[in-house]
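A.B. asks: need a structure here:
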Amino acid sequence: MTGVAGHGDRAAPEQSGPGTSPERAGPGTPPEQARPGTPPGRAGRAAPERVDAAAAPDRAGDLAARQAELVAALVADGPLPAGFQPAPLAAARAALLRKRAGDVARHWPLLAAGFGADWPATFAGWAAGRPTGGSLRDGWDLARVLRDRGTLPPLGAEELAVREAGARYDGQNPPRPRRLPAVGRAGGAVAVQLAGRVRLFRPARRPD
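C.D. replies: Have a look, this model is predicted:
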């Protein structure tokens, strides 16, 4: 005789059969299938985009070439690169020359002071189309050119004489300190270097 379940009896939970998922898909839902050889968890993911390894060096080479053309146009008076307008490029070139003039003035303060407000234009007129060799060397090269032209101001002549006495500079390599006694001349200024110390002799002023 079958008894009635008492108050303390509990109904057994429904158990699913082998292979049955606790969550059942609705009618008409196809199961997700993976391609043969696809690792678990990768089903349904898009395949990664392939990058052509041979094209990457070509693009890098093109970019480097365009950058070199731009640098040459800015600092060496090179031709206008494709895709650039003349006016913005000229403005950028002028800004770079002003910056270079300021850097040289910090290394050659007397040379710059000798020209006063005309210093930026004087430097730009010489440096346009010349790649920089560094602020110290740029000022040295300019001072020598002005000395040879006879247009080096007295303050710049004194500064150049001191530099020539204290270091050896061939115009190609960085200056090197002199170890032997040396004399530097520029304009009427004379500088003498002994044991690493430089003494400047200014020309006597003529009486009025």
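
A.B. asks: C-alpha only now, for contacts and for neighbours.
C.D. replies: Will do.

A.B. asks: Pull out the buried positions in stretch 169-189.
C.D. replies: Y169, P175, R178, A182, V183, G184, R185, A186, G187, A189 (16 or more other CA atoms under 10 Å).

A.B. asks: Averaged pLDDT, it. What do you get?
C.D. replies: Mean pLDDT, stretch 169-189: 93.

A.B. asks: What are the contacting residues of that stretch?
C.D. replies: 137, 141, 147, 150, 152, 154, 157-158, 160-168, 190-196, 200-203 (CA atoms under 8 Å, 6 or more residues apart in numbering).

A.B. asks: mind listing which of these are in helices?
C.D. replies: 137, 141, 147, 154, 157-158, 160-166 (DSSP state H).

A.B. asks: Of the residues you listed, just say which sits nearest to G114.
C.D. replies: P154 (7.1 Å; CA to CA).

A.B. asks: you'd agree that closest one is up against A112?
C.D. replies: No: contact criterion CA atoms under 8 Å: P154 and A112 do not qualify, at 11.2 Å.

A.B. asks: Looking at the ones in helices among the contacts of stretch 169-189, which two lie furthest apart in space?
C.D. replies: Counting by CA to CA, the most remote pair of these is R137 and P154, 19.6 Å apart.

A.B. asks: Pull the number of nearby residues for P88.
C.D. replies: 10 (other CA atoms under 10 Å).

A.B. asks: that's a strand at P131, yeah?
C.D. replies: No: counting by DSSP: H, G, I helix; E, B strand; the rest coil, P131 is not part of a strand but coil.

A.B. asks: Neighbours of A65, how many?
C.D. replies: 12.

A.B. asks: what's the answer for D62, then?
C.D. replies: Neighbours around D62, by other CA under 10 Å: 11.

A.B. asks: And for L111?
C.D. replies: Using other CA under 10 Å: L111 sits among 26 other residues.

A.B. asks: Tell me where the protein has helices.
C.D. replies: Applying DSSP H to the chain gives helices spanning 55-75, 86-107, 109-115, 119-127, 135-149, 154-166.

A.B. asks: Please identify the buried residues of the fourth one?
C.D. replies: If you call a residue buried by 16+ other CA under 10 Å, then helix 119-127 has these buried ones: W119, P120, F123, A124, A127.

A.B. asks: Convert the C-alpha atoms of it to CSV, please.
C.D. replies: C-alpha atoms of helix 119-127 as CSV (Å, rounded to 0.1, in the frame of the first residue of the first chain):
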residue,chain,number,x,y,z
TRP,A,119,72.3,89.5,-34.4
PRO,A,120,69.4,87.2,-35.5
ALA,A,121,69.4,88.5,-39.0
THR,A,122,73.2,88.4,-39.2
PHE,A,123,73.3,84.8,-38.1
ALA,A,124,70.3,83.7,-40.3
GLY,A,125,72.0,85.2,-43.3
TRP,A,126,75.0,83.1,-42.8
ALA,A,127,73.4,79.9,-41.4
